[in-house]
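J.: Need a 3D model of the sequence below.
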Amino acid sequence: MKFVESLFAIAALLVFSACSSTPHTLVGNPVNPKPLSKDDLVRIVDATEIPVVPENSTYLGTMQTEPSADCSVENTAELLVEKARSLGANMVYIKNVKTINFIYSNGMMTMSRICKVALVDYFNVEEWGAK
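T.: Predicted structure coming up:
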């Protein structure tokens, strides 16, 4: 009987851990970030268009978004800006964006969606040049 209970407990842990994936991985998180308000402007810069980071910027971290059931372009952009504000970053520097086909299951049926997965750096730029 103990074997069956143990097997059930392990299966339950696996099921619950599969449902609780994190939407991103953050590296280089600042120790005491000074968050920005919702009114502060956060600029999104594409590295393919502007390959150089401003000299007067402070690196705050790197984030890789991960595919999930809610990874549309709008939700990914919202997550990036929300994380930037929490870190005190006024620039999201997009280094790489991939479009992937994400397949997931809600327990009863398997679904698929097109996801945007981004690799970004966060910076706080002291003073912007031309606007």
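
J.: Can you show me the strands along this protein?
T.: 24-27, 43-46, 57-65, 91-105, 110-125 (DSSP state E).

J.: Need the ones you listed in a markdown table (columns: distance to residue 34 and mean neighbour count).
T.: C-beta coordinates here come from the backbone N, C-alpha and C atoms, glycine included. Output for the strands of the chain, formatted as a markdown table (distance: least, C-beta to C-beta, whole Å; neighbours: other C-beta atoms under 10 Å):
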| stretch | distance to residue 34 | mean neighbour count |
| --- | --- | --- |
| strand 24-27 | 17 | 13 |
| strand 43-46 | 17 | 15 |
| strand 57-65 | 10 | 18 |
| strand 91-105 | 15 | 14 |
| strand 110-125 | 9 | 18 |
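
J.: JSON lines please, covering those and showing distance to residue 85 and mean pLDDT.
T.: What follows is these, written out as JSON lines (distance: least, C-beta to C-beta, whole Å; pLDDT from 0 to 100):
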{"stretch": "strand 24-27", "distance to residue 85": "14", "mean pLDDT": "74"}
{"stretch": "strand 43-46", "distance to residue 85": "12", "mean pLDDT": "95"}
{"stretch": "strand 57-65", "distance to residue 85": "11", "mean pLDDT": "93"}
{"stretch": "strand 91-105", "distance to residue 85": "10", "mean pLDDT": "89"}
{"stretch": "strand 110-125", "distance to residue 85": "10", "mean pLDDT": "88"}
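
J.: Redo the ones you listed as JSON lines? Include distance to residue 81.
T.: Listed next are these as JSON lines, based on distance: least, C-beta to C-beta, whole Å:
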{"stretch": "strand 24-27", "distance to residue 81": "13"}
{"stretch": "strand 43-46", "distance to residue 81": "7"}
{"stretch": "strand 57-65", "distance to residue 81": "12"}
{"stretch": "strand 91-105", "distance to residue 81": "7"}
{"stretch": "strand 110-125", "distance to residue 81": "10"}
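
J.: Which of these sits closest to residue 71?
T.: Shortest separation from residue 71 across the strands of the chain is recorded for strand 110-125, at 3.7 Å, computed as C-beta to C-beta.
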